[in-house]
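A.B. asks: Here is my input, please return the structure:
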Amino acid sequence: MPAAKETVGQIEYYSRAMKAPRIREAAIRLADQAREVGWTHEEYLAAVLSREVAAREASGAEIRARAAGFPARKSLEDFNFDHQPGLKRDTIAHLATGAFLTEASNIVLLGPRGTGKTHLATGLGLRATQLGHRVLFATAIDWVARLQAAHQNGRLPQELVKLRRYGLIIVDEVGYIPFEQDAANLFFQLVSSRYEHASLILTSNLPFARWGDVFGDQVVASAMIDRIVHHAEVITLKGSSYRLKHTQVDSLPSTRPENTAE
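C.D. replies: Predicted structure coming up:
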């Protein structure tokens, strides 16, 4: 018994020295199980270390998720695919593997408001944090404000380099508010700086043909779209707003068919 207590004491000391307190907990908790089942020394060590690694990864994912700035935690598991019958589950499942991140590819989610674009973008962003990637989420207007502040302080190149260290940037609500020329140019620089280096997820209520109206320049819009979609999965969501599903409102003004007579 004294020898066992001494061993436990050594484990406690080593786990503190390594700043890995979960090793101590796992070693004590798994010791009896290892004896009963007849684990080898290697199997026991692997089991103990696996608990520490799993706990660290979970902790790291939580830290990355908090730092990402998601407006709300919405997982892919909670997405209502029944409201989007045309959306292929296999497509989303493949994107959830994070392969697009290692390829520096993009995802574009198009469709009327309330059809789940932000939910999917957030769910994929959360999944990216679980896979070990750093993520930042903001609306298009907030991204432009951040870039304008960096530009005014003479630090735009440094800011773009800093942002490129994030494996994924999510730009929500492209098209809800038109950009002025300077803002459009700054946004173009953000897109260009990440082209074939790091991934973007963009959501928009407008088709690409209308992006020229948003950015006030068809040439800039075309060049931007070209870079975005060159390596991208473009997903179009359809239907009415899910948020209006249980209300008496049939549709929002922006989701009604446009007057094609003009």
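A.B. asks: residue ranges for the helices of this protein, please.
C.D. replies: Counting by DSSP state H, the chain has helices at residues 2-17, 21-37, 41-68, 89-96, 99-102, 117-130, 140-152, 156-164, 181-194, 211-215, 218-230.
A.B. asks: Go through those and name the closest to residue 201.
C.D. replies: Residue 201 lies closest to helix 117-130 among the helices of the chain, at 4.9 Å (Cβ to Cβ). The C-beta positions use only the backbone N, C-alpha and C, and glycine is treated the same way.
A.B. asks: which outside residues touch that closest one?
C.D. replies: 57, 61, 64-65, 68, 70-79, 92, 95-96, 98, 101, 107, 109-111, 135, 137, 167-168, 170, 172-173, 201, 203-205, 235, 237 (Cβ atoms under 8 Å, 6 or more residues apart in numbering).
A.B. asks: List buried residues within those residues.
C.D. replies: The neighbour-count test (16 or more other Cβ atoms under 10 Å) marks 61, 64-65, 68, 70, 74, 76, 79, 92, 95-96, 98, 101, 107, 109-111, 135, 137, 167-168, 170, 172-173, 201, 203-205, 235, 237 as buried among the contacts of helix 117-130.
A.B. asks: Show me these that map onto strands.
C.D. replies: If you go by DSSP state E, those have 107, 109-110, 135, 137, 168, 170, 172-173, 201, 203-204, 235 in strands.
A.B. asks: burial of residue 179, as a residue count?
C.D. replies: 22 (other Cβ atoms under 10 Å).
A.B. asks: One more: residue 230?
C.D. replies: 11.
A.B. asks: Kindly report the same for residue 22.
C.D. replies: With other Cβ under 10 Å as criterion, residue 22 counts 18.
A.B. asks: got a list of what it touches?
C.D. replies: 15, 51-52, 55.
A.B. asks: Need the per-residue pLDDT for it.
C.D. replies: Residue 22 carries a pLDDT score of 79 in this model.
A.B. asks: What count of nearby residues applies to the residue nearest to residue 193 when sequence neighbours are not counted?
C.D. replies: Closest residue to residue 193 apart from its sequence neighbours, by Cβ to Cβ, 6 or more residues apart in numbering: residue 160 at 4.3 Å. Look at residue 160: counted by other Cβ under 10 Å, it has 17 neighbours.
A.B. asks: Could you dump the ones in strands among the buried ones among the contacts of helix 117-130 into JSON lines with distance to residue 220 and pLDDT added?
C.D. replies: Formatted as JSON lines, these follow (distance: Cβ to Cβ, whole Å; pLDDT from 0 to 100):
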{"residue": "107", "distance to residue 220": "21", "pLDDT": "98"}
{"residue": "109", "distance to residue 220": "21", "pLDDT": "98"}
{"residue": "110", "distance to residue 220": "19", "pLDDT": "97"}
{"residue": "135", "distance to residue 220": "26", "pLDDT": "98"}
{"residue": "137", "distance to residue 220": "24", "pLDDT": "98"}
{"residue": "168", "distance to residue 220": "24", "pLDDT": "98"}
{"residue": "170", "distance to residue 220": "21", "pLDDT": "98"}
{"residue": "172", "distance to residue 220": "20", "pLDDT": "97"}
{"residue": "173", "distance to residue 220": "19", "pLDDT": "95"}
{"residue": "201", "distance to residue 220": "21", "pLDDT": "98"}
{"residue": "203", "distance to residue 220": "20", "pLDDT": "98"}
{"residue": "204", "distance to residue 220": "15", "pLDDT": "97"}
{"residue": "235", "distance to residue 220": "24", "pLDDT": "97"}
